[in-house]
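Asks: Provide a 3D model corresponding to the input given below.
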Amino acid sequence: MQLDSSGLQVLSDEECFGLLSAAPIGRIVFTDHALPAVQPVNFHLDGRTIVIRTSIGSKLAAATRRAVVAFEADEFDRELRVGWSVTAVGQAREVTDPDELDRLAALPLTTWAPGSRDHYIVVEAEHVSGRRITGTPPDGAAARRNEEGAPARTR
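Replies: Predicted coordinates:
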């Protein structure tokens, strides 16, 4: 197991894609009027390709055409202080080919947002990275352990 400089577990590409494939919601990071923007989206992982459904006139659809974007998904348990985060970077493109549109429409990708979502954006994940945190004791836990019999520090 490889750890980064912060003590977080570094995930392999295989682990990253495995976690992405199970996540129901992610965040796409793009540029909107020269400023960074982040939008939560439903998605489906199709191999190494992130598939997003949106409306044709949405800000997301306009901003991501042929743009390099980042995509992030994560899951955390606040009580156990465990979780993971995966980020993918790649070029986004709108799908216009009728055969590809038919194939994507058959994927198990349903949107949570209301309204028509028949426009597809795909992000080819060219670079992926991920980290896992395996838990730390809540604040005060170390002090309680000392009170419960661990040797006290001396100066």
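
Asks: The longest strand that the chain contains pairs with which strands, parallel or anti?
Replies: Criterion DSSP state E: the longest strand present in the chain is strand 119-133. Within its sheet, strand 119-133 is paired with strand 9-10 (antiparallel), strand 49-54 (antiparallel), strand 82-94 (antiparallel), according to DSSP bridges.

Asks: Look up which helix or strand P114 falls in, please.
Replies: P114 belongs to no helix or strand when elements are defined using DSSP states H and E.

Asks: And for L45?
Replies: Using DSSP H and E, L45 falls in strand 44-46.

Asks: what distance separates that strand from the centre of its chain?
Replies: 12 Å (CA atoms, centre = their mean, to the nearest Å).

Asks: Could I get the average pLDDT for it?
Replies: Mean pLDDT, computed over strand 44-46, is 96.

Asks: Name the residues that touch that strand?
Replies: 17, 20-21, 50-51, 104, 107-109, 122 (CB atoms under 8 Å, 6 or more residues apart in numbering). Yep, even glycine has a C-beta here, placed from its N, CA and C like the rest.

Asks: If you count neighbours, what's buried in stretch 15-29?
Replies: Judged by neighbour count (16 or more other CB atoms under 10 Å), stretch 15-29 contains these buried residues: 15-17, 19-20, 23, 26, 28.

Asks: export it as CSV, just CAs?
Replies: Listed next in CSV are the C-alpha coordinates belonging to stretch 15-29 (Å, rounded to 0.1, in the frame of the first residue of the first chain):
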residue,chain,number,x,y,z
GLU,A,15,-9.3,1.1,-7.7
CYS,A,16,-10.2,4.6,-8.9
PHE,A,17,-12.4,3.3,-11.7
GLY,A,18,-14.0,0.7,-9.5
LEU,A,19,-15.0,3.4,-7.0
LEU,A,20,-16.2,5.7,-9.7
SER,A,21,-18.4,2.9,-11.2
ALA,A,22,-20.3,2.6,-7.9
ALA,A,23,-20.8,6.3,-7.1
PRO,A,24,-24.2,7.7,-8.0
ILE,A,25,-23.2,11.4,-8.0
GLY,A,26,-20.1,13.3,-9.0
ARG,A,27,-19.0,16.8,-9.6
ILE,A,28,-17.8,18.2,-12.9
VAL,A,29,-15.4,21.1,-12.8
